[in-house]
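Asks: Here is the input, now give the coordinates:
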Amino acid sequence: MDTNKTIASIHSLKTLDRFDDLMKLNMTVHTDLPERFFRQYVQMNPASNNPAFHRFILHDDKIVAGTSLIQHKIYWHGAEIPASEIGLVGTLEEHRNKGYSTALMNDCLDSMRSDGIPISFLWGIPDFYERFHYYYGYPNHFSAYISLPKSCTEDLNKTGRIRKATSEDLEAIKRIYREYNKAMSGWQIRSDEMWDYYFDLTSRDEKHAWWVAGAPVKGYAFVGEPVKSGTFACGELPVVQEIGFIDSDEASLIDLILGLFHEHPEMEKLDFYHHPKAPIGEWLFRRGAQVRSAEDIWRGSWAGMVRLIDTAKLLSLMTGKFNERLANSRFYKYTSEIPIESEVGGAVISISDGEAIVQNSGKGPGIHIPACVLTPIVTGYHGFERYRNGLTNIPNEIKDILAALFPGDRIFMHHLLYIDEEK
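Replies: Predicted structure coming up:
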């Protein structure tokens, strides 16, 4: 394959307006996506409607492969950082195995490096994206982790009623969303434009509803249609896609739960797209909720994959978290230097009297941690202990400090990018 020729034929909708042809490609490759979905994704949704995001390859003036590179801002262990999402990767069947998707993926990676993006994610299947060093690092956000039977709420008492949110409640919902999710990393920081778009979109149909509790508003829930078919099927009844409340006011959470059962009398249980270890998840389990699916990602299905683009930059954003973890471990006075290297770059974690700083990797050899291990421990999806026994090249003392630095953490993304709009 003439790689240079292939790369030279990459275009975007910004440089070459072939929207209808790109839509035709995606509807051919992604047969489960209706036309209205693609129009929303490319033309209407403020998170993804930048023409420069959508790229494709021409062969004999026909679009034969395409992908999208969407720019986000996410919350990362106490910092707000840029991140890029890859989506709608596909090639016409008769043009596969020619390197087109590889060329598009590499073009996206080059763009991210040039733009200083430290991390990328996608929702993908195994046995393809690993070749680009994307590894599972986000829990599966399409599944209802938690199921609460109505019988578990019989001893609860409401203090107030819930009501459907109006546009006047949106600022309170935004604030609660930000404050509630700060206990986790990876969640999407939504622009005001994005909030306005989604709230308007989902407030004027019968498929979705925003509910609020308290006066002033102290809790909210976003309820919508579940996935009805395929691996992530959750049945026919509505699912709580998002929920948040002010931690000090459990009454508003109780009002939300009881209110949702009242508004949906046909439901004997509430299903939640929610992290099991987040405050509401833990509260639900104390009430007797059940696990619908494990936090672990289901291999063989669509799930969250992560690629470290600038490992040193990403780790440097975590020094505050490192110092907090060191202070609460036996390494609170530790001094050492840990050079890490991997297929996705490396960094030097320098620790002096329990205080960590991160620098770019030096010229000398470092401790090799495979990218398939480094990625989930950096995101927090898994702790270092999970991989300890398989890393025979690392001294035990270094393993102990890595276990303290990377104990595993809560990582989750509330992802509304793909709400279907049917007009």
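Asks: Restricting to C-alpha, output stretch 388-397 in PDB.
Replies: Extracted as PDB, the C-alpha positions of stretch 388-397 are listed here (Å, rounded to 0.1, in the frame of the first residue of the first chain):
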ATOM      1  CA  ARG A 388       1.500  -6.600  40.300                       C
ATOM      2  CA  ASN A 389       2.200 -10.300  39.800                       C
ATOM      3  CA  GLY A 390       2.500 -10.100  36.100                       C
ATOM      4  CA  LEU A 391       5.200  -7.300  36.100                       C
ATOM      5  CA  THR A 392       8.300  -9.300  37.000                       C
ATOM      6  CA  ASN A 393      10.800  -6.700  35.900                       C
ATOM      7  CA  ILE A 394       9.900  -4.200  38.700                       C
ATOM      8  CA  PRO A 395      11.500  -4.300  42.200                       C
ATOM      9  CA  ASN A 396       9.000  -5.000  45.000                       C
ATOM     10  CA  GLU A 397       9.600  -1.600  46.600                       C
END
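Asks: Buried residues, that stretch. List them.
Replies: By 16 or more other Cβ atoms under 10 Å, the buried positions in stretch 388-397 come out as 391, 394. For the C-beta atoms, the positions are set from N, CA and C on the backbone; glycine is no exception.
Asks: Might you list the low-confidence residue ranges for the stretch 301-423 of the chain?
Replies: Within the stretch 301-423 of the chain, the set of residues satisfying pLDDT under 70 comprises 301-303, 362-364, 416-423.
Asks: can we see that at 80?
Replies: 301-303, 362-365, 414-423 (pLDDT under 80).
Asks: Break down it into its strands, ranges please.
Replies: Ranges of strands in the stretch 301-423 of the chain, per DSSP state E, counting those that start in this stretch, are 303-308, 336-341, 347-352, 355-360, 367-368.
Asks: Output the contacting helices and strands for the fourth one.
Replies: Translated: strand 355-360. The contact analysis (3 or more Cβ pairs under 8 Å, 6 or more residues apart in numbering; DSSP states H and E) places strand 355-360 against helix 311-316, helix 319-327, strand 347-352.
Asks: taking these together, which one is wrapped up most tightly?
Replies: For those, average neighbour numbers computed from mean count of other Cβ atoms under 10 Å are highest in helix 311-316, which has a mean of 21.
Asks: what about dumping the CA coordinates of that helix to CSV?
Replies: Provided in CSV are the C-alpha atoms of helix 311-316 (Å, rounded to 0.1, in the frame of the first residue of the first chain):
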residue,chain,number,x,y,z
THR,A,311,1.6,10.5,29.3
ALA,A,312,3.9,12.9,31.1
LYS,A,313,1.4,15.8,30.8
LEU,A,314,-1.4,13.6,32.0
LEU,A,315,0.5,12.4,35.0
SER,A,316,1.6,15.9,35.9
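Asks: returning to that earlier point: can you put the strands of the stretch 301-423 of the chain in a markdown table and add distance to Glu179?
Replies: A markdown table is the format used below for these (distance: least, Cβ to Cβ, whole Å):
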| stretch | distance to Glu179 |
| --- | --- |
| strand 303-308 | 23 |
| strand 336-341 | 33 |
| strand 347-352 | 30 |
| strand 355-360 | 27 |
| strand 367-368 | 38 |
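Asks: Go through the ones you listed and pick out the most buried.
Replies: Comparing the strands of the stretch 301-423 of the chain by mean neighbour count (mean count of other Cβ under 10 Å), strand 303-308 ranks first with a mean of 24.
Asks: And that one, what does it pack against?
Replies: Strand 303-308 packs on strand 119-124, strand 135-138, helix 371-379, going by 3+ Cβ pairs under 8 Å, 6+ apart.
Asks: returning to that earlier point: of all the strands of the stretch 301-423 of the chain, which one is nearest Gly137?
Replies: strand 303-308 (3.4 Å; Cβ to Cβ).
Asks: For that closest one, give me every contacting residue.
Replies: Strand 303-308 is contacted by residues 109, 118-124, 129, 132-141, 297, 314, 342, 344-345, 371, 374-376, 378-379, 381, 413 when judged by Cβ atoms under 8 Å, 6 or more residues apart in numbering.
Asks: What pairs with that strand, parallel or antiparallel?
Replies: Under the criterion DSSP bridges, strand 303-308 sits next to strand 119-124 (antiparallel), strand 135-138 (antiparallel) in its sheet.
Asks: The ones you listed into TSV, with extra columns for mean pLDDT, mean neighbour count and distance to Pro395?
Replies: Shown next, in TSV, are the strands paired with strand 303-308 (pLDDT from 0 to 100; neighbours: other Cβ atoms under 10 Å; distance: least, Cβ to Cβ, whole Å):
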stretch	mean pLDDT	mean neighbour count	distance to Pro395
strand 119-124	90	23	28
strand 135-138	86	23	25
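Asks: Distance to Ile349 for those strands - can I get that in CSV?
Replies: Below are the strands paired with strand 303-308 laid out as CSV (distance: least, Cβ to Cβ, whole Å):
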stretch, distance to Ile349
strand 119-124, 18
strand 135-138, 19
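Asks: The stretch 51-200 of the chain: strands as residue ranges?
Replies: Under DSSP E, counting those that start in this stretch, the stretch 51-200 of the chain gives strands at 54-59, 62-76, 79-91, 119-124, 135-138, 146-149, 162-164.
Asks: From one end of stretch 165-174 to the other, what's the distance?
Replies: Stretch 165-174 has an end-to-end distance of 12 Å (criterion: Cα to Cα, to the nearest Å).
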